[in-house]
Every structure is written in C-alpha cells, then in structure tokens.
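1. fold the following and give me the result.
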Amino acid sequence: MKLAGSRSLTGAAVAVLCGAGALAADIGMSIESCVSQGVIRFDAIDQRVVLEPDDQTRVQAEMEQRYPVLARHGFPVSKIILWHKKSGESVFITLLEHPHKPSEACFTATFAAARFDSIDTLRRKYLRPELQI
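-> Down below sits the predicted model:
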C-alpha cells in the first residue's frame, strides 16, 4: 500500500511539474536567451514549473510594479517559470515564443523570486517540499 501511495504522489508531482503547461515539457534542460547568446541550464535536481495563468498575472503585475521601466516600455510575457535551484535559490524566468524557432521558447529576463511577496505561497503550491534544499 505504501508503494502505491508513493507512486500516486510521484505521478501527481510529475503532473504538477510538467502538466502546468506543455511548455514545461518542451523546455528541456536549457533555455536560450531571446536577446543574447546566453543560455540557462537546469541541473537534473532543480525543480521548475510553468505558473498557472492567474499566478502568472499576479507575478507579472508585481514585476511591473517593482520595476516600473518594464511597464513603461512594455513587457510581453508568454509564460513565467518558477525555477528552484539545487542551491535553494528560487528564480522567476520570463519566456516568449522563440523568434527564430517557433516551436520553442526563449527567456527574456530572470528575477530573484525572494523579492516577491507571494513566493512562499507559490513554493508551497508548485514545488515538492521533499526535493527542496
């Protein structure tokens, strides 16, 4: 019985980590920058998840409030990823459809998630606590 429960928990966690949008599965282990030669590379034990639309709207509004230049000049975002690194740091990554590879995403910016008011709530909602360092 314990094993079956573990499988269900694992299945649910995979659904949360990958099912929050097909984009999460499409990202792979790295994301190219939309504006430079930079690349974000994920470690195998890092957690990452695409925020649900309501959470994305709230986080993007806080980004624009915290950094007014974004709102003034426009800040298009297709998706926002919450990335929890093996170091324990959490980061928001903003994504757009890749301009040269339409089936892929690229990142436009990263933000230290610790500065955002709702980060503790989002960590509880999206991340598997047993994997947090």
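
2. which residues does R58 contact?
-> S118 (Cβ atoms under 8 Å, 6 or more residues apart in numbering). C-beta coordinates here come from the backbone N, C-alpha and C atoms, glycine included.

3. ok, it to D117 distance?
-> Separation of R58 from D117 (Cβ to Cβ, to the nearest Å) stands at 9 Å.

4. same question, T57
-> For T57, the distance to D117 equals 14 Å [Cβ to Cβ].

5. higher neighbour count, those two?
-> T57 (13 against 10; other Cβ atoms under 10 Å).

6. okay, and that one sits in which element?
-> In this assignment (DSSP states H and E), T57 forms part of helix 53-66.

7. likewise for D120?
-> Assigned by DSSP H and E, D120 belongs to helix 119-126.

8. and C106, by the same measure?
-> For C106, the host element (DSSP H and E) is strand 105-112.

9. if we can go back for a sec, how much distance is there from the helix or strand just after the helix holding T57 to the middle of the chain?
-> Next helix or strand after helix 53-66 toward the C-terminus (DSSP H and E): helix 68-73. Computed by Cα atoms, centre = their mean, to the nearest Å, the separation of helix 68-73 from the middle of its chain amounts to 21 Å.

10. I'm done for today, thanks for sticking with me.
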